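[1] here are the coordinates; sequence isn't available:
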């Protein structure tokens, strides 16, 4: 495979520079560090924050359909706008926002390959202007369940021995690192991984400059080395669902996996759940248990 | 009177009445004021000493005590201005104050400056963990 399965979904920094003033395009920044957008963003880009904007802490879930419509309207995004996401941290949060837009069925979504890092490496200008657009009209459908895996679905998937990818670091996968005493992080009580999950840390999918690896390298990593199959139902997870949305993007759009979902509850939910199994150590399944047990 | 507590109160006053964007702008001002890492610490950093492993972005902290009192030597990656600004505030709050005042670094600093709502719970937890670490390490220096 020489090309990405869906090459149109990735755009270069050049493309974004050329479309900065294109009214059919909205550039959206989504970051781990919110101050970065204030420090400087791509001219004309709006900020949509994965946590403050896209989540609703009252229900510990994403905003509902009406909330999503409001975000789009407020940012001048209508149903036929091409939305280009980019951000810090190798586009984790950009992929996460992209995924939420797909959850609500937005058709024209793209990722700017390389994110903030590449824009910076290119030596392009940052803007500190306040950006706003006239309100747009937007109507969203209900959530598209085909991109999202909920805990009980993951449990069923796991019991059936289907493909699971843990994209966290090997230390997290083995259950060695969770948090240190008196250093609360995001608070999972158990360390380890979902039984049967293979460990493919997300950084293996990106180059030093933040861009995605070539189709050939990705094919080798996921399909040859780790024996994942394009037609097999596959679920990716990490700790809170952001790093795995990058892997979800790679599998679905760059490699053309037909049925791949992001488990956004991820380890923070699974590790804390009552009555769900985990495995510690470097192997996908426990030595004593049969695969898929 | 100049104490860790009055310095924290002054920072809280600076943030009062600012909107979300202005709060982040002030945080960026603080991040720009964090001094560069002194030469003597470069070797320690190269050996990964002082690294805060809980943070995704590289953060190095050396809470110390000398004849002038407490100080917080730190380096935070440029791509994390929020963490850098927060560490810079802690460094300014403790600089030159006696060790006994380390305990006055408050748990609710973020809430008091109103950044918890701007950053959200997950990010706020990480910054609170930094406060805990700095306070604890400053307190236990023999």
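    Arrived safely, thanks for sending. Computed from a predicted model, the values in this text were never measured in an experiment.
[2] For burial, what's the neighbour tally of residue 40?
    Answering for chain A, as no chain was given. Around residue A:40 sit 15 other residues, with neighbours defined as other Cβ atoms under 10 Å in any protein chain shown. Just so you know, the C-beta spots here come from the backbone N, C-alpha and C atoms, and that holds for glycine as well.
[3] Switch to chain B, please.
    For residue B:40, the tally of surrounding residues (other Cβ under 10 Å) stands at 8.
[4] name the element it belongs to?
    When elements are defined using DSSP states H and E, residue B:40 is found to belong to helix B:39-46.
[5] Give me the contacts around that helix.
    B:37, B:50, B:51, B:60, B:62, B:73, B:75 (Cβ atoms under 8 Å, 6 or more residues apart in numbering or on different chains).
[6] Return the distance of it from the chain's centre.
    Between the centre of helix B:39-46 and the centre of its host chain there is 19 Å, according to Cα atoms, centre = their mean, to the nearest Å.
[7] can you tell me which residues contact the residue sitting nearest the centre point of chain B?
    Against the mean C-alpha coordinate of chain B, by Cα atoms, centre = their mean, the closest residue is residue B:87 at 2.3 Å. Shown in contact with residue B:87 (Cβ under 8 Å, 6+ apart): B:34, B:59, B:61, B:72, B:74, B:76, B:130.
[8] try residue A:20
    A:27, A:42, A:43, A:44.
[9] Let me see the confidence value for it.
    Residue-level confidence at residue A:20 comes out at 93, pLDDT.
[10] Downstream of the helix holding residue B:40, the next helix or strand is which one?
    The first helix or strand that comes after helix B:39-46 along the chain, using DSSP H and E, is strand B:59-66.
[11] And the contacts of that following strand?
    Around strand B:59-66, the neighbours that count as contacts under Cβ under 8 Å, 6+ apart are B:37, B:41, B:44-45, B:49-52, B:70-77, B:80, B:83, B:87, B:94, B:99, B:130, B:133-134, B:137-138, B:141.
[12] Mark which of those residues are buried, thanks.
    Listed as buried from those are B:37, B:41, B:50, B:52, B:70-76, B:80, B:83, B:87, B:94, B:130, B:133-134, B:137-138; burial here means 16 or more other Cβ atoms under 10 Å in any protein chain shown.
[13] from these, which ones fall inside strands?
    In this view, those that belong to strands under DSSP state E are B:70, B:71, B:72, B:73, B:74, B:75, B:76.
[14] OK, contacts around residue A:218?
    Contacts of residue A:218 by Cβ under 8 Å, 6+ apart are A:205, A:212, A:250, A:254, A:255.
[15] run the last query once more with 10 Å
    Applying Cβ atoms under 10 Å, 6 or more residues apart in numbering or on different chains to residue A:218 gives the contacts A:1, A:4, A:5, A:204, A:205, A:212, A:250, A:251, A:254, A:255.
[16] Same question for residue A:42.
    Shown in contact with residue A:42 (Cβ under 10 Å, 6+ apart): A:13, A:16-17, A:20, A:27-29, A:84, A:86, A:112, A:116, A:119, A:124-127, A:131.
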